[in-house]
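Novice: sequence first, predicted coordinates after that:
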Amino acid sequence: MREVNSLDADFKNLIASKPGGERVKNCFLCGTCTAGCPVSSLDSAYNPREIMSKILLGMKEEVLSSPEIWQCQQCHTCVAHCPQDVRFADIVRVLRQIMIEEGFADKELPEKIEKIDTDLKNMRIERIRKITLG
């Protein structure tokens, strides 16, 4: 069981103080972010609502040590669906920044993930050409 002392009540304030994190405290955990998320539909371990819940509870170390934060594709579907305009994709960017600043993630990780995204886009284009051109 988690000790109350291990929670950081200022974690949400830290996020709110950074550009893109200003709306973090608007979240009432309705889950529309998760319901529309294309990553969540493929991997149930990635759950924006659960991440928001941990942020609001102050579970800083658990959130910042979570590799799931890097699974967000930044498609902004969550942003389009959120009734509270929390802008979860922007909060993910803030979390990634804090993860690097506080040593929870390697500084080269964003570049490596960008390469994966570029490779996947190129692979998609190639495969579409293959099936449409024969």
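Specialist: Received it, and whenever you're ready, just let me know what you need.

Novice: buried stuff in stretch 67-78?
Specialist: 68, 69, 70, 71, 72, 77, 78 (16 or more other Cβ atoms under 10 Å). Every C-beta, even on glycine, is put in place using the N, C-alpha and C of the backbone.

Novice: and which of those is nearest residue 18?
Specialist: Distances from the buried residues of stretch 67-78 to residue 18 were compared by Cβ to Cβ; the smallest belongs to residue 69, at 14.4 Å.

Novice: okay, the buried residues of stretch 67-78 in CSV with pLDDT next?
Specialist: Written out in CSV, the entries for the buried residues of stretch 67-78 read as follows (pLDDT from 0 to 100):
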residue, pLDDT
68, 95
69, 96
70, 96
71, 96
72, 96
77, 96
78, 96
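
Novice: closest to residue 60 out of the residues you listed?
Specialist: Checking these against residue 60 by Cβ to Cβ gives residue 69 as the nearest, at 12.4 Å.
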